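Enquirer: attaching a predicted model along with its sequence, questions to come.
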2 protein chains.
Amino acid sequence: MTARKILFLILDGVSDRPCAILQGKTPLQYARTPVLDALAETGICGIMDPVATGVRPGSDTSHLALLGYNPEKYYTGRGPLEAEGCGIHMEKGMIGFRANFATMDANGVITDRRAGRIRDTTALCTAVRERVDLSDFGVSFQFRPGAGHRAALAFRGEGLGAGVSSNDPKKEGVPMPRIRPVTDDPRAAKTAEAANAFIAQALPILADHAINRERVRTDLPPANCILLRGSGEMGHFPPFPEKYGISGVVISAATLITGIGKAVGLEHISVAGANGSTSSNLEGKIAAALGELEHRDFVLVNIKGADEAGHDGDARAKAAFIERLDRALEPLADIDSTLLLVCADHSTPCDIRDHSADPVPVLIRGEGVRVDHVRAFDEISCATGGLHRITGPSLMPILLDLINKTHKYGA
Amino acid sequence: MTARKILFLILDGVSDRPCAILQGKTPLQYARTPVLDALAETGICGIMDPVATGVRPGSDTSHLALLGYNPEKYYTGRGPLEAEGCGIHMEKGMIGFRANFATMDANGVITDRRAGRIRDTTALCTAVRERVDLSDFGVSFQFRPGAGHRAALAFRGEGLGAGVSSNDPKKEGVPMPRIRPVTDDPRAAKTAEAANAFIAQALPILADHAINRERVRTDLPPANCILLRGSGEMGHFPPFPEKYGISGVVISAATLITGIGKAVGLEHISVAGANGSTSSNLEGKIAAALGELEHRDFVLVNIKGADEAGHDGDARAKAAFIERLDRALEPLADIDSTLLLVCADHSTPCDIRDHSADPVPVLIRGEGVRVDHVRAFDEISCATGGLHRITGPSLMPILLDLINKTHKYGA
């Protein structure tokens, strides 16, 4: 028998380094994960450099590499992918930005780059969309909320260029910088002017908004400032169904991942209660994935919570989330005719609160797989597995071959 | 916790193949090495192709690759690197050569390519420097001793080219060839003429020198002839501190390695009694390294003795040196805040008395490392380790990531 479908499960940032607070274990080693361990025991495991050995990947460059789109060739910045993921259809000539709602004090200093991880910015986005006016710059814009403090902005207009800097100071306690062109191209200068006007016009709108007045009253950081980064035009991706001969969907609450899926030609499936954080509706996502597999060849599911805990440097929270995640994966023990891939897109070590270049654990389970001796899904155990150390761009070819969708090279 | 510094320890040529005289073990397996084994047990291990799989590296191309300077792009020959390592500052247009003192018999046949591994050629170099005159060729020269029988020569003059052959016959018992241009470039012809004149003028100076008369009297091979090879101009290296954002030093008695370090922008630290052979002051080098780590980010230490024993084909001597080396490494067991790398730059199998393309063992130890199950530092044990099989050019990215000095690719 040969599996016919692929469930492509990305446990975003789940991979880590040994944590002192977890007795020198990684969160994956420390957490009790009977479901993942049973999958490892009945599958083949390995470790994977998502982009290349020693390269510290972003979630965007990693997902592109894992899906077989070489980021060196296809990556044009985070902004257009975030915009697409937030529901903005990025057409040729448009410039997309990732946006964060942040907190600025009276002196113009950024005091919280995520505005206390505010949960919902829909109303704030609507207010900004209705009242900011960039027509003096010949620019129309779309501005839409993402998960949590995240949003996306896109400009449309004649003669706009993507080569501009960010107004995100990257650390807290320092003033917000202005956006500047990073090339001599006058189109970049025009984008920078419009972006700075957008940021400036939004300040009083946000400061006066009822949501923020209530946040100030209750000692929560107000979401009174917008930070833009990742400026770019959308790349041109060969559509996934044509490239691989299979149809597919993406299930993700992270707008960046949704945007990548949509950009490469995967249909986005929404799941109620999925929010890209440790409180996400994991069971709902897995149920949706299994439902989609009834009539799809390929389902990409991204589960973000572990990455968030890693960025927060909270190893105990990461391990606790992994245990909850493991329980939510229980229905995967029974799937058949489906090749299951489980891996991280990158490591997010709690000790550095950011991504790292450490390889990630990977497991493949399903008909035809050469089951190895690995009995636990973690960074150390998987390193002894039958897949050895592979790179992200080799993943799709391996999976497609196992579902008999590759073509012979030669005769 | 994250380590902040890197101790980059190269056990030159320590890697080998199974040796019949050692009951089929490699010298690293055969030698008793409790310190290296304890480091392996508390670190992550693997094997490494210094340049690429199946490529037999020189010490120069390997060190360049390990330091992240692709030898395909940066390597311009051994000569200029040796010259720099011997204290000759190689400027644009200068031609550098590696030189060996050798023994020639009355018939012009090379009978010992290393002049009985003569220990010190300082006085011989001075005599040659004072009495050889290349002004007829419009050439001035510098000629300086290296470790043991080694030295370096550099030419300065108008219209010199690097494309010339060597007068080293590469084996003993055959006549010394003349140096010839290997291109049609007239500049190469000019270099060849000056080099042949240098060699010819040095012969009587060396034959008459008191040191050599004494060597002949005591039945030691006289250092009466100079063999030149590795002709080249110095390459242009992006400075290490700018490339990686860390400052560093090189501790090495091998002038080639010193020269590579200086060429890429590492400061050279001398250690009394370090001589690049099996009798070197190993404890002094390790102490100097630990001292430098007090105020440096990166310390490269090259220990050459095992390579020498490999070139001599003496597996017992190699194993004995490894045991002495192991004892000298004892202070490394206690370092903290420092990432320790231990590897060879290439294999030097005693059975072939030269470098080979066999991968080398590698171990990384320090905060954040995913400790694997390997408990011995040797070619066979390390091959089962958590690093799997990496290439030399991926080594610096891996180390820099572990000290949190890499940059995220994407977002």
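Expert: Looks like it came in fine.

Enquirer: the nearest residue to residue A:326 once chain neighbours are set aside: neighbour count?
Expert: For residue A:326, the nearest residue in space outside its immediate sequence neighbours is residue A:33; the separation is 4.1 Å by CB to CB, 6 or more residues apart in numbering or on different chains. Glycine gets a C-beta too; all of them are placed from N, C-alpha and C. Other residues lying near residue A:33 total 23 when counted by other CB atoms under 10 Å in any protein chain shown.

Enquirer: check contacts around residue A:330.
Expert: For residue A:330, the set of contacting residues under the criterion of CB atoms under 8 Å, 6 or more residues apart in numbering or on different chains consists of residue A:35.

Enquirer: what ranges does the stretch 51-200 of chain A have for its strands?
Expert: Secondary structure of the stretch 51-200 of chain A (DSSP state E, counting those that start in this stretch): strands at A:56-57, A:95-104, A:109-112, A:139-145, A:150-157, A:174-175.

Enquirer: so which elements touch the fourth one?
Expert: Spelled out, it's strand A:139-145. Strand A:139-145 sits against helix A:122-131, strand A:150-157, helix A:186-207, with contacts defined as 3 or more CB pairs under 8 Å, 6 or more residues apart in numbering or on different chains; DSSP states H and E.

Enquirer: what's the angle between it and strand A:95-104?
Expert: Counting by axes from the mean of the first three to the mean of the last three CA atoms, to 10 degrees, strand A:139-145 lies at 60 degrees to strand A:95-104.

Enquirer: got the residues of the stretch 201-350 of chain A near chain B?
Expert: A:229-230, A:256, A:349 (CB under 8 Å from any CB of the partner chain).

Enquirer: change it to 6 Å
Expert: Within the stretch 201-350 of chain A, the residues that sit near chain B (CB under 6 Å from any CB of the partner chain) are residue A:230.

Enquirer: can you show me the helices along the stretch 301-411 of chain A?
Expert: Taking DSSP state H, counting those that start in this stretch, the helices of the stretch 301-411 of chain A run over residues A:305-311, A:315-328, A:379-382, A:395-402.

Enquirer: C-alpha coordinates for the shortest one, PDB please?
Expert: In PDB, the C-alpha atoms belonging to helix A:379-382 read as follows (Å, rounded to 0.1, in the frame of the first residue of the first chain):
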ATOM      1  CA  GLU A 379      15.600  17.000  19.300                       C
ATOM      2  CA  ILE A 380      18.000  14.400  20.700                       C
ATOM      3  CA  SER A 381      16.200  11.200  20.000                       C
ATOM      4  CA  CYS A 382      15.300  12.200  16.400                       C
END
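
Enquirer: who's in contact with it?
Expert: Defining contact as CB atoms under 6 Å, 6 or more residues apart in numbering or on different chains, one finds that helix A:379-382 is touched by A:15, A:26, A:45-47, A:361, A:374, B:370.

Enquirer: pLDDT, distance to residue A:70 and neighbour count added to these, as JSON lines?
Expert: Supplementary listing: the contacts of helix A:379-382 in JSON lines, determined by pLDDT from 0 to 100; distance: CB to CB, whole Å; neighbours: other CB atoms under 10 Å in any protein chain shown:
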{"residue": "A:15", "pLDDT": "98", "distance to residue A:70": "22", "neighbour count": "33"}
{"residue": "A:26", "pLDDT": "98", "distance to residue A:70": "29", "neighbour count": "27"}
{"residue": "A:45", "pLDDT": "98", "distance to residue A:70": "25", "neighbour count": "30"}
{"residue": "A:46", "pLDDT": "98", "distance to residue A:70": "21", "neighbour count": "24"}
{"residue": "A:47", "pLDDT": "98", "distance to residue A:70": "20", "neighbour count": "26"}
{"residue": "A:361", "pLDDT": "98", "distance to residue A:70": "23", "neighbour count": "30"}
{"residue": "A:374", "pLDDT": "98", "distance to residue A:70": "29", "neighbour count": "23"}
{"residue": "B:370", "pLDDT": "98", "distance to residue A:70": "27", "neighbour count": "23"}
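
Enquirer: how about the nearest residue to residue A:278 once chain neighbours are set aside, what does it touch?
Expert: With sequence-adjacent residues excluded and distances taken as CB to CB, 6+ apart, residue A:278 is closest to residue A:305, at 4.0 Å. The neighbourhood of residue A:305, defined by CB under 6 Å, 6+ apart, consists of A:277-278, A:280, A:321.

Enquirer: same deal with residue A:325?
Expert: Listed by CB under 6 Å, 6+ apart, the contact set of residue A:325 reads residue A:282.

Enquirer: mind checking how far the residue lying farthest from the centre of chain A is from residue A:2?
Expert: If you look at how far each residue of chain A sits from its centre, by CA atoms, centre = their mean, the farthest one is residue A:411, at 40.1 Å. The gap separating residue A:411 from residue A:2 is 22 Å, by CB to CB, to the nearest Å.

Enquirer: so what's the residue count around the closest residue to residue A:317 other than its chain neighbours?
Expert: Excluding the flanking residues, the one nearest residue A:317 by CB to CB, 6+ apart is residue A:309, at 4.4 Å. Residues lying near residue A:309 (other CB under 10 Å) number 26.

Enquirer: pLDDT score for residue A:309?
Expert: Here, the pLDDT recorded for residue A:309 equals 96.

Enquirer: which residues lie in contact with it in this structure?
Expert: Under the criterion of CB under 6 Å, 6+ apart, the neighbours of residue A:309 are A:317-318, A:321.

Enquirer: residue B:261: which of these is nearest?
Expert: Closest to residue B:261 out of the contacts of residue A:309 is residue A:318 (40.7 Å), distances taken as CB to CB.

Enquirer: thinking again about what came up before, reformat the contacts of residue A:309 as a markdown table; add neighbour count.
Expert: As requested, those are exported to a markdown table (neighbours: other CB atoms under 10 Å in any protein chain shown):
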| residue | neighbour count |
| --- | --- |
| A:317 | 18 |
| A:318 | 31 |
| A:321 | 28 |
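
Enquirer: ok, so of these, who is nearest residue A:61?
Expert: Residue A:61 has its nearest neighbour among the contacts of residue A:309 in residue A:318, at 22.3 Å by CB to CB.

Enquirer: these two touch, right, the closest one and residue A:29?
Expert: No: using CB atoms under 6 Å as the test, residue A:318 is too far from residue A:29 to be in contact (11.5 Å).

Enquirer: domain ranges for chain A, per the record?
Expert: Under the assignment automatic domain parsing, the domains of chain A span A:5-76+A:237-402, A:82-232.

Enquirer: go through the ones you listed and pick out the most buried.
Expert: Among the domains of chain A, domain A:5-76+A:237-402 has the highest mean neighbour count (mean count of other CB atoms under 10 Å in any protein chain shown), at a mean of 22.

Enquirer: where does pLDDT dip in chain A?
Expert: When residues are selected by pLDDT under 70, none of them lie in chain A.

Enquirer: correct me, but residue A:319 touches residue A:27?
Expert: Yes: with contact taken as CB under 6 Å, residue A:319 and residue A:27 are classed as touching, separated by 4.2 Å.
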